[in-house]
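**Student:** Below are the sequence and a predicted model for it; my questions follow.
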Amino acid sequence: MSFGNHYYFPVSTTSFPKWIDRIMTSNINGSLPQSANVVVIGSGFAGTAVSYYLQNEISGDQSIVMLEARAAVSGATSRNSGLIKPEYHRNHGEYVDKFGSKVAGQLVNFEVDNMKELARILSLDSNLNEKADFQERIHLDAYSNPRSSETAINDFYAFMENEEVSVDLKRKVQILFGDLAKQLSNVPTTPFVIHYPNGSVNSYDFVTAMLTRAIQRGLDLYTNTLVEEVQQLDSGVWKISTSRGELFADKVVFTTNAYTQGLLPEFSKSIIPIRGVSSQVNVRNTGNEHSLSIGSNIYVPQSKNLLYSSLGELEKQTNFMANYNTVDDSTVSSQSLEYLQKNLGKVNSLATATTTSSSSGIMAYTDDHFPYVGQLSELGKLNAYILAGCNCSGLSRMLLCAKELAKSVALGSELSDRVPAPYKVTRERMGLVDKLMQSVLNEREIRETRARL
């Protein structure tokens, strides 16, 4: 049984970012059906992708119902930068130490395959391709913190030494030092940059186009329908209680991302909602055409000037606790806006730029950096599945996760080995402490100790 925790339900007062021109409309007339074969909770990228792929796996007479608490695709999917930023080298040393070279290599290769899967579905659907507006890019990781710089160097060389990673990919991931790094990134303080291929899409238009296609193929979408409680009856059937009534389902898929613990309290220590901010910046020439990240600040050139997203360096934010473990995306605090504006100054070509529009979004962070994918049978929930915990890496991981999860839902089988083991739901993994909070507190303690000395 899963009783709803209202604190973690989406707030009703949010609005779409101003840079979205066309908001998807959806018909919410009529009552809910009494039953469905599969109920998908959440209409963001994860829920949309699972539904899209599930239609290829089940027969046409089986019904899929999607329930969304607010307007369609109104959560973090509508507010992110659209950057497809595979980790590749990032954290690779940690992964080799923790899982071994083979699994660490699989984590890299899965993200490579995810990009190939995106290219495949865009090539098959001209409308989806047009709406996605996919752009191949070069991304630069720049650094302003000596501690993170040292870790990045170690991770880069661990990546290069891993024989499970293809030579072709290693050639594409390069490290550049000194003046060349500063000139390429426009970041005068960075000692080096790591330079690698990635891409970007118009996140909202891409996902709404995919959702529209799924609706045309038979998906039943009910917006403004808050799921309040999910309960498995003795018969094994799932009873879904919503703000518009009840329905029953053979199977349920939780694609609730940052809101997961509202319905699944078992994830209260594992999937943490954190409020970040995205802003439009009034500059047409960013100094280069590359996307750029400095810590958790991401800068993505787009046709509409520059879209700048920031989680912020959590341990340095004075309003950290206001953004941690919250699901209120209706406001952007003045402190967050000041942080955004200050950090534009880290990039030479943006030093005099100002943000013109900002929107907060609730992101889902997990205690080990990986999403949760698969069956919930280890938690005693049969015919229940999850795809949540994007860690700001949804576009670089979730498409292929959704494809593999759809097969599992359709067949009632275990998730295939194509999905990396660290992504899967296990009791051992669920027992981890909240490492994200602990790391922030540790960083603060170190900083305060140094200040006293």
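**Tutor:** Looks like it arrived, so ask away.

**Student:** How many residues are close by Thr13?
**Tutor:** 10 (other CB atoms under 10 Å). Every residue, glycine included, has its C-beta placed from N, CA and C.

**Student:** Please apply the same query to Gln341.
**Tutor:** Count around Gln341 with other CB under 10 Å applied: 15.

**Student:** State the number of residues packed around the nearest residue in space to it that is not next to it in sequence.
**Tutor:** Computed as CB to CB, 6 or more residues apart in numbering, the closest residue to Gln341 that is not its neighbour in sequence is Thr355, at 6.4 Å. For Thr355, the neighbour count with other CB under 10 Å is 18.

**Student:** let's number from 71 now, not from 1
**Tutor:** Sounds good: first residue 71 from here, last item Thr425.

**Student:** give the contact list for Thr425.
**Tutor:** Going by CB atoms under 8 Å, 6 or more residues apart in numbering, Thr425 touches 349-352, 378, 407, 410-411, 414.

**Student:** Can you add distance to Leu192, pLDDT and secondary structure and give those back as a markdown table?
**Tutor:** As requested, the contacts of Thr425 are exported to a markdown table (distance: CB to CB, whole Å; pLDDT from 0 to 100; DSSP: H, G, I helix; E, B strand; the rest coil):
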| residue | distance to Leu192 | pLDDT | secondary structure |
| --- | --- | --- | --- |
| Ser349 | 28 | 84 | strand |
| Gln350 | 25 | 82 | strand |
| Val351 | 27 | 83 | strand |
| Asn352 | 30 | 75 | coil |
| Tyr378 | 25 | 67 | strand |
| Leu407 | 35 | 80 | helix |
| Leu410 | 32 | 78 | helix |
| Gln411 | 35 | 80 | helix |
| Leu414 | 32 | 81 | helix |
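
**Student:** Select, from these, the two members most distant in space.
**Tutor:** Distance extremes for those: the farthest pair is Asn352 and Leu407 at 14.5 Å, using CB to CB.

**Student:** What about the closest residue to Ala421 other than its chain neighbours, how many residues nearby?
**Tutor:** Leaving aside its chain neighbours, Ala421 sits nearest to Gly415 (5.0 Å; criterion: CB to CB, 6+ apart). Counted with other CB under 10 Å, residues neighbouring Gly415 total 11.

**Student:** tell me the phi and psi of Gly415?
**Tutor:** Dihedral angles of Gly415 (phi, psi; degrees, to the nearest 10) stand at phi -70, psi -10.

**Student:** measure it to Ile128 for me?
**Tutor:** 52 Å (CB to CB, to the nearest Å).

**Student:** Tell me how many other residues surround the nearest residue to Cys462 once chain neighbours are set aside.
**Tutor:** Counting by CB to CB, 6+ apart, the nearest residue to Cys462 once its immediate chain neighbours are dropped is Met433, at 5.7 Å. By other CB under 10 Å, the residues close to Met433 number 25.

**Student:** Now do the contacts for Met433.
**Tutor:** 146, 328, 343-346, 381, 460-462 are the contacts of Met433 under CB under 8 Å, 6+ apart.

**Student:** what about 6 Å?
**Tutor:** 146, 344, 346, 462 (CB atoms under 6 Å, 6 or more residues apart in numbering).

**Student:** mind listing which of those residues are in strands?
**Tutor:** In this view, these that belong to strands under DSSP state E are 344, 346.

**Student:** Tell me the one of the contacts of Met433 nearest Tyr78?
**Tutor:** Ile344 (12.6 Å).

**Student:** which residues does the closest one form a beta bridge with?
**Tutor:** Judged by DSSP bridges, the bridge partners of Ile344 are Tyr394, Met433.

**Student:** So what's the residue count around it?
**Tutor:** 21.

**Student:** That one and Phe440, how far apart?
**Tutor:** In terms of CB to CB, Ile344 sits 16 Å off from Phe440.

**Student:** Please apply the same query to Tyr158.
**Tutor:** 15 Å.

**Student:** Pick out whichever of these two has more residues nearby.
**Tutor:** It is Tyr158, of Tyr158 and Phe440, that has more neighbours when counted by other CB under 10 Å, with 26 against 19.
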